[in-house]
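> Show me how the following folds:
(one chain, ligands or ions: 1)
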Amino acid sequence: VNPTLYDYWRSSAAYRVRIGLNLKGINWEHSGVSLIKDGGEQNHPQYARVNPQKLVPALEVNGNVLTQSLAILEYLDEHHPEPCLLPTDGLGRARVRALSQLIASDIHPLNNLRVLNYLEDELNCAPDAKLNWYHHWITEGFSAFETMLTTSDQTAPFCYGDQPSMADCCLIPQVYNARRFGIDLNSFPEICRIDKTCAGLDAFASARPENQPDAT
Ligand SMILES: N[C@@H](CCC(=O)N[C@@H](CS)C(=O)NCC(=O)O)C(=O)O
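Purely as a prediction, here's the structure:
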């Protein structure tokens, strides 16, 4: 049986997993969880039984539910080693994990839907203050990411070496979010170059939000 991805077209965490599944050539089924319909289907009891964190993605594999996009990508890498998303040497793995976590642990959680909703609904943030918050965390994170790329001779054509890794699975969705919220990416030429390189690959193109069945 093909794995089922609990997915929302605009979820960047789910987008990471879509790229990983596609890179590995794994056929998967889509199960849509709309983050906006009916107060957010992620909050409905039937989805909370799938993922108690009420977040997408979750991946169901042979009756087991996996959560957390990076844990899912590592699982896929262990069970479908080719092409690998993590290098084989310890230093390389630490580097790819660090790049991935810079995005997945330090940028993305601050700009997640529930955080933005809390700023607006509970802390009475005005819409432009909320947008400044969004821009701030991406710009700060991308500045460090750009420096990490430009100061390493292991960068190119991808974030690490000559094939896409977990770091690219994290970067490309974050670039999508940045563009969606109108962030000027001119100060991040290396990030933009990698984004363009990845856009040319089918695995990345078919994972794009607008190419998902629930895209509106
Ligand atoms: N650390 C989690 C983050 C998952 C996550 O935050 N998903 C977002 C969409 S990108 C979500 O479901 N948000 C729903 C909400 O904020 O209510 C992962 O990497 O899987």
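> how close does the closest residue to residue 185 other than its chain neighbours sit to residue 149?
What sits nearest to residue 185 in space, not counting adjacent residues and going by C-beta to C-beta, 6 or more residues apart in numbering, is residue 192, at 5.5 Å. Yep, even glycine has a C-beta here, placed from its N, CA and C like the rest. Note on residue 192: its distance to residue 149, by C-beta to C-beta, to the nearest Å, is 11 Å.
> re earlier: what's around the residue nearest to residue 185, how many residues?
14 (other C-beta atoms under 10 Å).
> What helix or strand is it located in?
Of the helices and strands defined by DSSP states H and E, residue 192 is found in helix 189-199.
> average pLDDT across that helix?
Here helix 189-199 scores 98 as its mean pLDDT.
> for this protein, which spans come out with low pLDDT?
Within the chain, not a single segment meets pLDDT under 70.
> Enumerate the residues of it near the ligand.
Applying C-beta under 6 Å from any ligand atom, we find that the chain lies next to the ligand at 11-13, 35, 40, 42, 55-57, 68-70, 104, 112-114.
> Out of those, list just those in helices.
12-13, 69-70, 113-114 (DSSP state H).
> State the distance from the closest residue to residue 162 other than its chain neighbours to residue 195.
The spatial neighbour of residue 162 that comes closest, neighbours along the chain excluded (C-beta to C-beta, 6+ apart), is residue 156 at 7.9 Å. Distance of residue 156 to residue 195, given as C-beta to C-beta: 13 Å.
> Can you show me the helices along this protein?
Using DSSP H, the helices of the chain run over 12-23, 45-50, 69-79, 90-101, 113-121, 127-150, 166-180, 189-199, 202-205.
> List the contacts of residue 22.
If you count contacts by C-beta atoms under 8 Å, 6 or more residues apart in numbering, residue 22 has them with 202-204, 206-207.
> now the residues you listed as a markdown table including neighbour count?
As requested, those are exported to a markdown table (neighbours: other C-beta atoms under 10 Å):
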| residue | neighbour count |
| --- | --- |
| 202 | 9 |
| 203 | 19 |
| 204 | 22 |
| 206 | 12 |
| 207 | 25 |
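> In terms of distance to the ligand, which of those residues ranks first?
residue 207 (13.5 Å; C-beta to the nearest ligand atom).
> so how far is residue 57 from residue 104?
To residue 57, residue 104 is 12 Å away according to C-beta to C-beta.
> what sits in contact with each of those two?
13, 16, 69.
> would you turn those residues into a markdown table with distance to residue 80?
Shown next, in a markdown table, are the shared contacts of residue 104 and residue 57 (distance: C-beta to C-beta, whole Å):
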| residue | distance to residue 80 |
| --- | --- |
| 13 | 20 |
| 16 | 16 |
| 69 | 16 |
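> now, which of those sits nearest residue 216?
Residue 216 has its nearest neighbour among the shared contacts of residue 104 and residue 57 in residue 13, at 19.0 Å by C-beta to C-beta.
> Check the burial of the nearest residue to that closest one once chain neighbours are set aside by counting its neighbours.
Of all residues not flanking residue 13 in the chain, residue 69 sits nearest, at 4.5 Å (C-beta to C-beta, 6+ apart). Using other C-beta under 10 Å as the criterion, residue 69 is surrounded by 29 other residues.
> give me every residue that touches residue 69.
Neighbour list for residue 69: 13-14, 16-17, 57, 104 [criterion: C-beta under 8 Å, 6+ apart].
> Any of these buried? List them.
Buried members of the contacts of residue 69, counted by 16 or more other C-beta atoms under 10 Å: 13-14, 16-17, 57, 104.
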